[in-house]
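Student: sequence-free structure coming up:
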């Protein structure tokens, strides 16, 4: 009976503490991998002073934070107000950002400046420390499903979802291997022995394992979890899409007699590869999804620019292929042929183009001889 009374008193104290909580502050250090959460602080009364000195309500051990850095207090209109005290670095203010910093700061307050905070909460950056201020009017996001079931978590619905999630990589992997095997088989001579299949049997599994293993090591570094299965689930669908596009898109363009679509094959492959990298990197840095998307898009655009510039310098064309080299399967030809007249018209400017390129080649050789002399 005494133990039951003690439990009841404990529950009553917990509920009373929860009702007395005016706000909750979650702290994370940006210098830590992935912005790992350090601690949470209950706010039971206003005002709240933040700084490095011990006489603050919230003490932050950060060399980039002033002794008395900021003040949170209720204004005359009842709203929560942030005031920056004697600080060199000031306070970065973000709205609607997660603890990992999924968004950019919308304002920076210097010493002596103040700002009314929204009732839904805000994210404050003081020096190298990020504070997520959660208020009672905060709108919570829906619960997110786990990528894999927790050990010992034996809920039937979760087990069914876990079983389906475990089957999906195997099905996608089998589809990838089957498609690669079919593509490899079409290029073999009749009667080829088993050794002709060794490159396929070795390269596909090794590529997948090494790729997912490297990303799992990055997850271990940033998230303290070697999530090989999570990266495998992300990688296999994109790898299958890359294989299908590389094999089928040129055939589709040839069947439609559309050289423009055929020329887009490298661009589509690059886009799919960028999506694969973005998915893997977002899984490593879940709090930086927007930054990851912008960074990967910038790298993809840079790669396109370098490729186009190199093609134009080498071939005087935006593409490295002057014509569509893929022949369509006769049974799948959907586009009409142009006829002999169209072929002759297409060959007419070829003589002038070849003469111009030959002249450039001779000029380059003469310049090289003059430099050697």
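Tutor: Alright, I've got the coordinates. Quick caveat, the model's predicted, so the values are computed rather than measured.
Student: Which stretches in the stretch 101-250 of the chain count as strands?
Tutor: Along the stretch 101-250 of the chain, the segments classed as strands by DSSP state E, counting those that start in this stretch run 107-109, 114-116, 122-126, 129-134.
Student: Buried deepest among the ones you listed, which one?
Tutor: strand 122-126 (a mean of 23; mean count of other CB atoms under 10 Å). All C-beta spots, glycine's among them, are computed from the backbone N, C-alpha and C.
Student: Could I get the average pLDDT for that strand?
Tutor: The pLDDT scores in strand 122-126 average 89.
Student: and it, what other elements does it pack with?
Tutor: The elements that strand 122-126 packs onto, with contact taken as 3 or more CB pairs under 8 Å, 6 or more residues apart in numbering; DSSP states H and E, are strand 91-94, strand 129-134.
Student: Quick one: closest of these to residue 56.
Tutor: strand 129-134 (12.7 Å; CB to CB).
Student: For the closest one, name the packing helices and strands.
Tutor: For strand 129-134, the packing partners by 3+ CB pairs under 8 Å, 6+ apart come out as strand 23-29, strand 122-126.
Student: which residue sits closest to residue 138, ignoring its sequence neighbours?
Tutor: residue 121 (4.8 Å; CB to CB, 6 or more residues apart in numbering).
Student: need the helices and strands packed on strand 122-126 in a markdown table with distance to residue 282, can you?
Tutor: Compiled in a markdown table, the helices and strands packed on strand 122-126 are given as follows (distance: least, CB to CB, whole Å):
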| stretch | distance to residue 282 |
| --- | --- |
| strand 91-94 | 19 |
| strand 129-134 | 19 |
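Student: closest to residue 63 out of these?
Tutor: The closest of those to residue 63 is strand 129-134. By CB to CB, the value is 10.4 Å.
Student: Each with direction, which strands does that closest one pair with?
Tutor: Paired neighbours of strand 129-134 in the sheet (DSSP bridges): strand 23-29 (antiparallel), strand 122-126 (antiparallel).
Student: Which one of the helices and strands packed on strand 122-126 lies nearest to residue 48?
Tutor: strand 129-134 (9.7 Å).
Student: What's the mean pLDDT across the closest one?
Tutor: 88.
Student: contacting residues around the helix or strand hosting residue 282?
Tutor: Assessed by DSSP states H and E, residue 282 sits inside helix 265-284. When contacts are defined by CB atoms under 8 Å, 6 or more residues apart in numbering, helix 265-284 is touched by residues 215, 218-219, 222-223, 227, 230-231, 234-235, 238-239, 241-242, 245-246, 249-250, 253, 288-289, 292-293, 296-297, 299-300, 303-304, 307.
Student: Of these, keep whichever come out buried.
Tutor: Those of these that meet the buried threshold are 215, 218-219, 222-223, 227, 230-231, 234-235, 238-239, 241-242, 245, 249-250, 253, 288-289, 292, 296, 300, 307, by 16 or more other CB atoms under 10 Å.
Student: domain ranges for this protein?
Tutor: Domain assignment of the chain by automatic domain parsing yields the ranges 20-134, 156-330.
Student: Quick one: closest of these to residue 358.
Tutor: domain 156-330 (12.3 Å).
Student: any idea of the mean pLDDT for that closest one?
Tutor: Domain 156-330 comes out at a mean pLDDT of 83.
Student: all helices in the chain, in order from the N-terminus.
Tutor: 2-20, 156-186, 198-223, 228-255, 259-263, 265-284, 289-315, 339-347, 350-372 (DSSP state H).
Student: Format those as CSV; extra columns: distance to residue 73.
Tutor: Shown next, in CSV, are the helices of the chain (distance: least, CB to CB, whole Å):
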stretch, distance to residue 73
helix 2-20, 18
helix 156-186, 44
helix 198-223, 36
helix 228-255, 44
helix 259-263, 63
helix 265-284, 38
helix 289-315, 32
helix 339-347, 77
helix 350-372, 74
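Student: so which of those helices comes closest to residue 89?
Tutor: Per CB to CB, nearest to residue 89 of the helices of the chain: helix 289-315, 21.4 Å.
Student: Just want the angle from that closest one to helix 265-284.
Tutor: 150 degrees (axes from the mean of the first three to the mean of the last three CA atoms, to 10 degrees).
Student: Tell me which other helices or strands helix 289-315 touches.
Tutor: Judged by 3+ CB pairs under 8 Å, 6+ apart, helix 289-315 is in contact with helix 265-284.
Student: For the helix it packs on, what is the distance to the chain centroid?
Tutor: 9 Å (CA atoms, centre = their mean, to the nearest Å).
Student: Any buried residues in that helix, and which?
Tutor: In helix 265-284, the ones that count as buried by 16+ other CB under 10 Å are 265, 272-284.
Student: just stretch 311-331 next, same as before
Tutor: Using 16+ other CB under 10 Å as the test for burial, stretch 311-331 gives 311, 319, 324, 328.
Student: Tell me how many other residues crowd the spatially closest residue to the last one that is not a sequence neighbour.
Tutor: Ranked by CB to CB, 6+ apart and with sequence neighbours excluded, the top spatial neighbour of residue 328 is residue 254, at 3.8 Å. In terms of burial, residue 254 registers 22 neighbours under the definition other CB atoms under 10 Å.
Student: So residue 254 is in contact with residue 334, correct?
Tutor: No - applying CB atoms under 8 Å, one finds residue 254 not in contact with residue 334, separated by 9.6 Å.
Student: Identify the residue spatially nearest to residue 110, adjacent ones excluded.
Tutor: In space, and not counting its chain neighbours, residue 110 is closest to residue 90: 4.5 Å by CB to CB, 6+ apart.
Student: who touches the one you found in this structure?
Tutor: Neighbours of residue 90 in contact, by CB under 8 Å, 6+ apart: 84, 108-111, 113.
Student: tell me the contacts of residue 171?
Tutor: Counting by CB under 8 Å, 6+ apart, residue 171 has no contacts.
Student: mind running it again at 10 Å?
Tutor: The neighbourhood of residue 171, defined by CB atoms under 10 Å, 6 or more residues apart in numbering, consists of residue 236.
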